[in-house]
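Next comes the sequence, and after it the predicted model I'd like to discuss.
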Number of protein chains: 2
Amino acid sequence: MNSTIDTLRTLTVDLGDRSYPIYIGGGLLDQPQLLAPHIPGRQVLVVSNETVAPLYLERVLKSLTSFQVETVILPDGEQYKTLDTVNTIYTALLEHRFDRSCTLLALGGGVVGDITGFAAATYQRGVHFIQVPTTLLAQVDSSVGGKTGVNHPLGKNMIGAFHQPRCVLADTETLNTLDDRQLSAGIAEVIKYGLIRDAEFFDWLEQHIPELLTRDPQQLVYAIERSCRNKAEVVAADERESGQRALLNLGHTFGHAIEAAMGYGVWLHGEAVGTGMLMAADLSRRLGWLDDRQLTRIRAITELARLPVHTPPELDAGEFLKWMAVDKKVQDGRLRLVLLTGIGGSVITDDYDAAKLRETLDAFHREAQTR
Amino acid sequence: MNSTIDTLRTLTVDLGDRSYPIYIGGGLLDQPQLLAPHIPGRQVLVVSNETVAPLYLERVLKSLTSFQVETVILPDGEQYKTLDTVNTIYTALLEHRFDRSCTLLALGGGVVGDITGFAAATYQRGVHFIQVPTTLLAQVDSSVGGKTGVNHPLGKNMIGAFHQPRCVLADTETLNTLDDRQLSAGIAEVIKYGLIRDAEFFDWLEQHIPELLTRDPQQLVYAIERSCRNKAEVVAADERESGQRALLNLGHTFGHAIEAAMGYGVWLHGEAVGTGMLMAADLSRRLGWLDDRQLTRIRAITELARLPVHTPPELDAGEFLKWMAVDKKVQDGRLRLVLLTGIGGSVITDDYDAAKLRETLDAFHREAQTR
C-alpha cells in the first residue's frame, strides 16, 4: 500500500478561481483523503457504467462513507451518450432531492465523463463535478479542458458545455483491466502531445512505449502527467477553443473521416487518430515541412504503439475527402488541418497545396489495397 | 418614426468581457442597426412561439436580411419548457448546418427566452444569444442575470445554465398586445425592485403605475430601465447567486407555494409574486421590521397595480407551509425568506420567529375566507 504514496503525482490545472488538481498514481481509489476535500456539500451522485461499476464502484463508495451517496449505472457504449441518458441522471438527482451544493462523480471512460460532466454543468445551472477516469484516453484527454456533452442523432458532441471538474483522480491501476486495443488507442493521444509541441517527450516515448504497453505503473504515471501538463498549457492559453487549442486536433480530421465512414465503434477513436496523425505527417512531408527521417520516426512509433498504419482499403481519396469535409473543422469551404512543421512543432492552417492532400490520400489508399 | 430615436435608452450590464447592452424604447423592432452589430457570424436562428410570431416575427426578420436566417416556432405555454423542446431547436440548428459562430435570437416572453437561452448555452458548447423580450416580465426580469433553462417533470427550472446574451432589445410597443393580467404580473416584479433596494423608485411607482397600466411609452421605458439597472447592480455583485442575489426572490417563496398548490398556470407567476411580497411585508411588520404605514403603502401599491392581495381561500397555513418547504430555497430544514426592513431595504434570513410566519399565514387565510 505504501507504494501508492510513492507514485502519487499532483498536477494543478491553472484556471484562476477554477483551478483544480489532477492526482495521478497507482491505487488512488483507496485513498479517500484525496477526494473528500473536493466535495463541498454532503450529497454525491456516482455515475458509472455496467462495465466499470463491477470493477471499481465498491472501492469508490468506500471513500465516500461520510456523504449521502447515490449511484446511477449507465449502459456501456457511445450509443448511450444522449440527452435521454442525461435526463435519467437529472431524474435520479431530483428523486433523491439533491440540491445545488451536490457533487457528481464520473467513474469510467470518456463517455461516462462527458455525460456526467454535462449533467453537472446543467443540473440547477451547474453543480460540482469530479472525474475518476478509468481509461488511458480519458486520463490524458478528458482530464483537462472542461469539455462535456452528448451526441445528437445528427452530429457527435453537438450538445455540450464547458464545465471544469473540482478534481481528477487518475488511478493507473484501473488500466490493468483495460484491453490492449483500448490501451493503444490511449497511447495515440499521448504520442500526439509529443508530436504537436514536446519533442523531448516524443524522444522519451520512442524509448518507453513498450513499458506503457506492459502497464508499468511508474512509466504510466510519467506519461499521463506529462500529457496532462501539455494539454493544460494549451488549454490555459485558450480555454474556449478559439485558436491554439485546435492543435490538439492533430490527426482528428483524418481520424473522424475513418470513424464516420466505417461506422462509429468499428475503429476506436484513438486508433483512427493514430492513423490520422500518420496521414497528417505524410502530408506535411509532401509539403516539405517534415523530412523523410522524421516521417519514418512517426511511422515507427505508430507501429510500436500497435496502432494501425493503414487506412481502411474501401476508402479511396474521394470518399475520404467527402467525410473530411463534413467534419466541423471546415470553415467556409476550406479544409483547415493541423499539420506538422517538425517533431514537436505544429500549425493549424488551410494554406497548403490541396493537390498534396490528394497525393497523401491516394498513397494511403494504394498501400491499403496492396497489403 | 423619429419618436423611436427619442425614447431609445441604452443600459450596459457590466460583466467584464461579457458585458452587453439593453436597448429600451418604442419601435425598436424596426431598427435593424441595433441588432446587426451584435451578430458575429452569418447564421441566425430566430425562436418564437405561436402567439408572438404572428405579431412580430416579420418585423424582426426584416432587420436580418443580410444573414442566413431560419426560424423555429414553438407552441405557447410553460408546459413546453422541456428538454424535448430544446432538442427540436438542436435539430433545426443541425439540419440547417449551423456552426458554432451562429446566433440564437429569442423573440417572446420568459419561456421562449429561457428555452432559447439554454439551447444557445449548450449547442456546440455555447453559441451567441440575443433576447427580444415581448412581455414586461421578461423585459425587467430575464433581460438581466443570464439564467436559462427548462423544467423537469420533477421540478421547475431544474435544468439550466448561466449564459449571457450579447444584447437585449426591449421594444415597449410589444407591450401593447399584452393582456392586462400579464401587464400587472410584470409590474409586480417592477415593484419588487423598489421594495428590496430603491425607495425613490417605489415613490415614483406610487405616482406612475396608472400610466404604466395604460402603457404610456415614456413611463414604461423609465420603469424598465430602472428595473434592469437595479437587477444589473445586484447581479454584477453576485453573478452566480450565492448571496445578495437571493434578495431578488422577495415574495417568491410565498408565491411559488401559491403557484404550485393551485397548479402552475392558474395564477400567473407575477401575480403570485405580488401577493407573496405582500405576505413578506406582513410578516416583516409582525416582526417589527416595518411599521403600519409602510405596510399600508405596500398593500395600496399592490392594489393599484391590480395584483391580487388575497391568497387562494383553500390554502390554510399548514398547506402553505408544506408547499413553501419544498421550495428550493430551504437549506437544512430552515425556511430562509427575503424580508423587508423598510421600503427599499431587505434581508435574506432564517433568523425570525416562526410563530410570526404562522400568524401571517393564518391572517391571510382568514381574510381570504371571509371575503
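That came through fine. Just so we're clear, the structure is a prediction, and the values are computed from it rather than from any experiment.

Now for A:Ser48: which residues touch it?
Residues near A:Ser48 by C-beta atoms under 8 Å, 6 or more residues apart in numbering or on different chains: A:56-57, A:71-74, A:106-108, A:112. From N, CA and C alone the C-beta is placed, and that goes for glycine too.

quick one: it is in a helix?
No. A:Ser48 sits outside any helix when classified using DSSP: H, G, I helix; E, B strand; the rest coil, being strand.

who does it bridge with?
Using DSSP bridges, the bridge partners assigned to A:Ser48 are A:Ile73.

which residue packs closest to the residue minimising distance to the centre of chain A, ignoring adjacent ones?
In chain A, the centroid-proximal residue (C-alpha atoms, centre = their mean) is A:Asp141; its distance is 3.1 Å. Spatial nearest neighbour of A:Asp141, chain neighbours left out: A:Glu189 (5.2 Å); criterion: C-beta to C-beta, 6 or more residues apart in numbering or on different chains.

Check the gap between the one you found and A:Gln244 for me.
Per C-beta to C-beta, to the nearest Å, A:Glu189 is found 17 Å from A:Gln244.

pretty sure the residue nearest to A:Asp141 is touching A:Ser227, no?
Yes. A:Glu189 is within contact range of A:Ser227, at 7.1 Å (criterion: C-beta atoms under 8 Å).

quick one: common contacting residues for those two?
A:Val140.

So the two - more neighbours on which side?
For the pair A:Glu189 and A:Ser227, the greater number of neighbours falls to A:Ser227 (28 against 24), based on other C-beta atoms under 10 Å in any protein chain shown.

ok, back up a step: how about the contacts made by the residue nearest to the centre of chain A?
Here A:Asp141 is in contact with A:110, A:189, A:231 (criterion: C-beta under 8 Å, 6+ apart).

again, but for A:Met279
Applying C-beta under 8 Å, 6+ apart, we find A:Met279 in contact with A:251, A:254, A:311, A:360-361, A:364.

Relative to chain B, how far out is it?
Using C-beta to the nearest C-beta, to the nearest Å, we find A:Met279 at a distance of 24 Å from chain B.

ok, now A:Glu225?
Noted for A:Glu225: a distance of 26 Å to chain B, by C-beta to the nearest C-beta.

Ok, A:Ala199 next?
Separation of A:Ala199 from chain B (C-beta to the nearest C-beta): 31 Å.

Any stretches of the stretch 101-250 of chain A with poor pLDDT?
A:239-242 (pLDDT under 70).

which residues in it form helices?
All helices of the stretch 101-250 of chain A, identified by DSSP state H, counting those that start in this stretch, fall at A:110-122, A:136-137, A:180-197, A:199-213, A:217-236.

between these, which gets nearest to B:Leu64?
Shortest distance between B:Leu64 and these, using C-beta to C-beta, is found for helix A:110-122: 28.9 Å.

Kindly format the C-alpha coordinates of that closest one as PDB.
Provided in PDB are the C-alpha atoms of helix A:110-122 (Å, rounded to 0.1, in the frame of the first residue of the first chain):
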ATOM      1  CA  GLY A 110     -14.700   9.300 -21.800                       C
ATOM      2  CA  VAL A 111     -18.300   8.600 -22.400                       C
ATOM      3  CA  VAL A 112     -19.200   8.400 -18.800                       C
ATOM      4  CA  GLY A 113     -17.200  11.500 -18.100                       C
ATOM      5  CA  ASP A 114     -18.800  13.500 -21.000                       C
ATOM      6  CA  ILE A 115     -22.300  12.600 -20.000                       C
ATOM      7  CA  THR A 116     -21.800  13.100 -16.300                       C
ATOM      8  CA  GLY A 117     -20.000  16.400 -16.800                       C
ATOM      9  CA  PHE A 118     -22.800  17.700 -18.900                       C
ATOM     10  CA  ALA A 119     -25.400  16.700 -16.300                       C
ATOM     11  CA  ALA A 120     -23.200  18.500 -13.700                       C
ATOM     12  CA  ALA A 121     -23.000  21.600 -15.900                       C
ATOM     13  CA  THR A 122     -26.700  21.800 -16.300                       C
END
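
List the buried residues for it?
Residues A:110-122 are the ones in helix A:110-122 that count as buried (16 or more other C-beta atoms under 10 Å in any protein chain shown).

what's the angle from it to helix B:110-122?
Helix A:110-122 and helix B:110-122 meet at an angle of 140 degrees, taking axes from the mean of the first three to the mean of the last three C-alpha atoms, to 10 degrees as the criterion.

Is chain B within reach of helix A:110-122?
Yes. Under the criterion of C-beta under 8 Å from any C-beta of the partner chain, chain B is reached by helix A:110-122 at A:118, A:121-122.

Same question for stretch A:11-25.
No. Residues of stretch A:11-25 are not located near chain B by C-beta under 8 Å from any C-beta, the shortest gap being 10.9 Å.

same question for that stretch, mean pLDDT?
Taken as a whole, stretch A:11-25 has a mean pLDDT of 93.

Pull the distance from that stretch to the chain's centre.
Its chain's average C-alpha position is 17 Å from that of stretch A:11-25, according to C-alpha atoms, centre = their mean, to the nearest Å.

buried sites along it?
Residues of stretch A:11-25 classed as buried: A:11, A:13, A:20-25 (neighbour count, 16+ other C-beta under 10 Å).

Repeat that for stretch A:87-107.
Buried residues in stretch A:87-107, counted by 16+ other C-beta under 10 Å: A:87-90, A:92-94, A:98-99, A:102-107.

For stretch A:293-310, what is the distance to the chain centroid?
The answer for stretch A:293-310 is 20 Å, by C-alpha atoms, centre = their mean.

Now do the buried residues in that stretch.
A:294-295, A:297-298, A:301-302, A:304-309.

of the buried residues of stretch A:87-107, closest to chain B?
Checking the buried residues of stretch A:87-107 against chain B by C-beta to the nearest C-beta gives A:Leu94 as the nearest, at 3.8 Å.

Now that closest one: which helix or strand?
Per DSSP states H and E: A:Leu94 is located in helix A:83-95.

which residues are in contact with that helix?
So helix A:83-95 is in contact with A:45, A:47, A:70, A:72, A:74, A:102, A:104, A:115-116, A:118-119, A:122-123, A:150, A:152, A:159, B:83, B:87, B:152-155, B:158-159, going by C-beta under 8 Å, 6+ apart.

re the thing from before, turn the helices of the stretch 101-250 of chain A into TSV, including distance to B:Gln79.
Formatted as TSV, the helices of the stretch 101-250 of chain A follow (distance: least, C-beta to C-beta, whole Å):
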stretch	distance to B:Gln79
helix A:110-122	20
helix A:136-137	42
helix A:180-197	44
helix A:199-213	54
helix A:217-236	41
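
Which one, of the ones you listed, ends up nearest to A:Lys356?
Comparing the helices of the stretch 101-250 of chain A by their distance to A:Lys356 (C-beta to C-beta), the top pick is helix A:180-197, with 18.9 Å.

and the angle from that closest one to helix A:110-122?
70 degrees.

Mind listing what's buried along helix A:180-197?
Neighbour-count burial for helix A:180-197 flags A:182-197 (criterion: 16+ other C-beta under 10 Å).

which secondary structure elements does that helix contact?
For helix A:180-197, the packing partners by 3 or more C-beta pairs under 8 Å, 6 or more residues apart in numbering or on different chains; DSSP states H and E come out as helix A:136-137, helix A:199-213, helix A:217-236, helix A:269-286, helix A:292-304, strand A:337-342, strand A:345-349.

Tell me how many other residues crowd the residue of the stretch 101-250 of chain A found nearest chain B.
Using C-beta to the nearest C-beta, the single residue of the stretch 101-250 of chain A nearest to chain B is A:Leu154, 3.8 Å away. By the criterion of other C-beta under 10 Å, A:Leu154 has 12 neighbours.

which residues does A:Thr302 contact?
Neighbours of A:Thr302 in contact, by C-beta under 8 Å, 6+ apart: A:188, A:191, A:274-275, A:277-278, A:309.

And it, how close does it get to chain B?
Computed as C-beta to the nearest C-beta, the A:Thr302 to chain B distance reads 30 Å.

Next one: that residue, what pLDDT does it get?
At A:Thr302, the model reports a pLDDT of 98.

Having no further points to raise, I will conclude here.
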